[in-house]
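Visitor: 3D, please:
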Amino acid sequence: MSANDKQYISYNNVHQLCQVSAERIKNFKPDLIIAIGGGGFIPARILRTFLKEPGVPTIRIFAIILSLYEDLNSVGSEVEEVGVKVSRTQWIDYEQCKLDLVGKNVLIVDEVDDTRTTLHYALSELEKDAAEQAKAKNIDIEKSPEMKTNFGIFVLHDKQKPKKADLPAEMLNDKNRYFAAKTVPDKWYAYPWESTDIVFHTRMAIEQGNDIFIPEQEHKQ
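Guide: Below you'll find the predicted structure:
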């Protein structure tokens, strides 16, 4: 993917995408958010603000760090290539966090659904963790379906391209479990938290129409 395909996304843009998506995500009723680092951290925090309901405790955010993109050149290079293996560098310490996944609605957040490899890995591993927790509590999900852990996914951008990994069809076909704020062409999307020159980055986002661009009517839906 060449530098000519690079699209600069502003903080304003990210904020709006989270705001607009929150109304749909409320239908999923997430009990907790798991952000995939580093791209999912800021969208998760912004999203939590818009999911806040009066009289209801603030949704807890937990972080996992997975690496799929590998910089082939030196630090500061503008060339990135998608890796073929997920590196797991940080996971949830359930005991320390006193986190029980059983019976919860869990929203996984990342910035982009690109090859889908990272999302597939995160979902698969979290499903295993939830199953192990249920087993440890002697819960038979088939007999107690209300104790099933339900997972949803939110991304800012879903790239229109062939994916290298799958997500469950029942999730992808459920508008209340898979949430993509925008479906976009297969280009290089540069997010503001990656920038070393935010002034230049924001100026480019404005020039490309990637700053404030969501039509007013979308806010009213």
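Visitor: how long is stretch 111-122 end to end?
Guide: Taking C-alpha to C-alpha, to the nearest Å, stretch 111-122 runs 14 Å from one end to the other.
Visitor: So for it, what gets flagged as buried?
Guide: Under the neighbour-count criterion of 16 or more other C-beta atoms under 10 Å, stretch 111-122 has 111, 112, 113, 114, 115, 116, 117, 118, 119, 120, 121, 122 buried. Glycine gets a C-beta too; all of them are placed from N, C-alpha and C.
Visitor: Could I get the residues you listed in TSV, plus columns for pLDDT, distance to residue 11 and secondary structure?
Guide: Converted to TSV, the buried residues of stretch 111-122 look like this (pLDDT from 0 to 100; distance: C-beta to C-beta, whole Å; DSSP: H, G, I helix; E, B strand; the rest coil):
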residue	pLDDT	distance to residue 11	secondary structure
111	98	13	strand
112	97	16	strand
113	97	20	strand
114	95	21	coil
115	92	25	coil
116	95	26	coil
117	93	27	helix
118	94	23	helix
119	96	23	helix
120	95	28	helix
121	95	28	helix
122	96	24	helix
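Visitor: was I right about residue 152 contacting residue 29?
Guide: No: here residue 152 does not reach residue 29: they are 9.4 Å apart, not a contact under C-beta atoms under 8 Å.
Visitor: nearest to residue 171, of the buried residues of stretch 111-122?
Guide: Nearest to residue 171 among the buried residues of stretch 111-122: residue 119, at 10.1 Å, using C-beta to C-beta.
Visitor: State whether the closest one and residue 108 are indeed in contact, as I suppose.
Guide: Yes: using C-beta under 8 Å, residue 119 is in contact with residue 108, at 7.0 Å.
Visitor: overlap in contacts of the two?
Guide: The contact sets of residue 119 and residue 108 overlap at 36, 153 (C-beta atoms under 8 Å, 6 or more residues apart in numbering).
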